[in-house]
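Just the structure for this:
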Amino acid sequence: MSVKKLFRKELGSLKAYKTPDVVASECKLNQNESTLDVPLELKERIARESVSLAFNRYPDASYSGLREVVARKFKLRKENVIAGNGVDEVLYYLMLAFISKGDKVVFPAPSFAMYKICAEVMGAKPVKVLLDKQSFDLTEEFVEESKNAKVVFICSPNNPTGNLVSRKKIEEIVESSKGLVVIDEAYSDFAGEDCLDLLSNERVVVLRTMSKAFSAAGLRLGFGLACEEAISAMDKVRLPWNLSGLSTRIGELLFERERVFSERVKKTIAERERLFSELKKIGGRVCCSKCSACSPAAKVVVFPSQANFLLFKTSFSPKTVYSGLLERGVQVRDVSGYELLEDCLRVSVGTRVENDKFLNALGEVLNKKF
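Next up is the predicted model:
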């Protein structure tokens, strides 16, 4: 008998999350990472501390030290924090704890693909609701579908569009929904706004990560913030020792030096605004999130962002632009396969040097001289 006949039926049409191909490029701006690594002096301290760790012993299975640090940062108690191997793992624990077969899970599109994948793995009923095609905001249809959902996912700022979604809509959903409202704030450090105050509602879960603002995508640390009962439920399905003693200690050390990373965030925001302005100059047009004035003949249309990346499109095919940039040593992300994002690409905000290299390469691809 073929092993395929033993697969869970939920896997039949499920497609695995596709990560970007690993391509050598001088200027890697395709995965919304920080293009700056952890400072060398901090890496040296991490190296010194790693020597004192007992690799032959199991670490604290509750990683209480890390949870205490996270709780202090967000003015919570450690009982309100769960940590995972990236936000992705926290998502799985959340779904395992709250979703039964056939439960309704609502999520926006375009957005983070793992919401749909997690729902399908659990045998839930995934309901995708398109964002507003002009503003990329949540729609009234999304609010209505959320009312009888077991879990609702909201990403703000949203990936891959970069915009903050309407706070008013989020509050309306929290108020009218009977289920869990999960607000993914992976990029909130770059937005200056968050929904942490909504944690006063026991049905709200906020997700945070160290992958972006803390230059630690390779460390794989993500957090769920919620009421004690919700965290306790997720803890029941959490794998024992899901984090290593080394990664938890590094996480603690990075939080201790938060001021360093806060300064980097400010610089990233400043570069984002400069990059946004320079991209506007290429085409002389900007998508104002109302879009009716945007010319389809413009060389570049760039969308406002409150994240560490920008969404843009050109009058050329995205594959042509992607390939042309890669030939010039710059890798961006082709997101034209997402709903509503035909012809679009996404570029991470890098250093000033990296951003200038991207701008010049894009100018060459579009036959534009700077």
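
Below-threshold pLDDT in the protein: ranges please.
Scanning the chain for pLDDT under 70 picks out 283-298, 368-370.

Where do the domain boundaries of it fall?
As assigned by automatic domain parsing, the chain contains the domains 3-37+266-365, 52-259.

Just list the residues touching V182, thanks.
By Cβ atoms under 8 Å, 6 or more residues apart in numbering, the residues touching V182 are 94, 151-154, 204-207. C-beta here means a position set from N, CA and C on the backbone, and glycine is covered the same way.

To E44, which of the domains of the chain lies closest?
Evaluated over these, closeness to E44 peaks at domain 52-259, with 11.1 Å, by Cβ to Cβ.

so can I have JSON lines of the domains of the chain showing distance to I46?
Listed next are these as JSON lines, based on distance: least, Cβ to Cβ, whole Å:
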{"stretch": "domain 3-37+266-365", "distance to I46": "12"}
{"stretch": "domain 52-259", "distance to I46": "5"}
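
Name the nearest residue to V106, sequence neighbours excluded.
A149 (4.3 Å; Cβ to Cβ, 6 or more residues apart in numbering).

picking that back up, please render the contacts of V182 as CSV that adds secondary structure to the earlier fields.
Below are these laid out as CSV (DSSP: H, G, I helix; E, B strand; the rest coil):
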residue, secondary structure
L94, helix
V151, strand
V152, strand
F153, strand
I154, strand
V204, strand
V205, strand
V206, strand
L207, strand
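
Closest one to A226 out of those, please.
Of all the contacts of V182, V205 has the smallest distance to A226: 4.3 Å, by Cβ to Cβ.

can you pull the buried residues of stretch 81-91?
Neighbour-count burial for stretch 81-91, counted by 16 or more other Cβ atoms under 10 Å, picks out 81-91.

Reformat those residues as JSON lines; add secondary structure and distance to A119.
Output for these, formatted as JSON lines (DSSP: H, G, I helix; E, B strand; the rest coil; distance: Cβ to Cβ, whole Å):
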{"residue": "V81", "secondary structure": "strand", "distance to A119": "24"}
{"residue": "I82", "secondary structure": "strand", "distance to A119": "19"}
{"residue": "A83", "secondary structure": "strand", "distance to A119": "22"}
{"residue": "G84", "secondary structure": "strand", "distance to A119": "18"}
{"residue": "N85", "secondary structure": "coil", "distance to A119": "20"}
{"residue": "G86", "secondary structure": "coil", "distance to A119": "18"}
{"residue": "V87", "secondary structure": "helix", "distance to A119": "16"}
{"residue": "D88", "secondary structure": "helix", "distance to A119": "14"}
{"residue": "E89", "secondary structure": "helix", "distance to A119": "16"}
{"residue": "V90", "secondary structure": "helix", "distance to A119": "15"}
{"residue": "L91", "secondary structure": "helix", "distance to A119": "10"}
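
And these, which is closest to A186?
V87 (6.3 Å).

just checking, that closest one touches L225?
No. Counting by Cβ atoms under 8 Å, V87 stays clear of L225, with 11.4 Å between them.

shared neighbours, those two?
207-208.

if I pick E79, what's in contact with it?
For E79, the contact set (Cβ under 8 Å, 6+ apart) comprises 228, 231-232.

For these, which PyMOL command selects only the ones that are buried?
Buried residues among the contacts of E79 (16+ other Cβ under 10 Å), as a PyMOL selection:
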select buried, resi 231
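
rewinding a little: the residue nearest to V106 - that's part of a strand, no?
No. Going by three-state DSSP, the assignment for A149 is coil, not a strand.

tell me the SS of the residue nearest the centre of the chain?
Ranked by distance to the mean C-alpha position of the chain (Cα atoms, centre = their mean), the top residue is A186 at 4.5 Å. Classification of A186 by three-state DSSP places it in coil.

Now it. Nearest residue, chain neighbours left out?
Residue nearest to A186 in three dimensions, not counting chain neighbours: T209, with 4.8 Å by Cβ to Cβ, 6+ apart.
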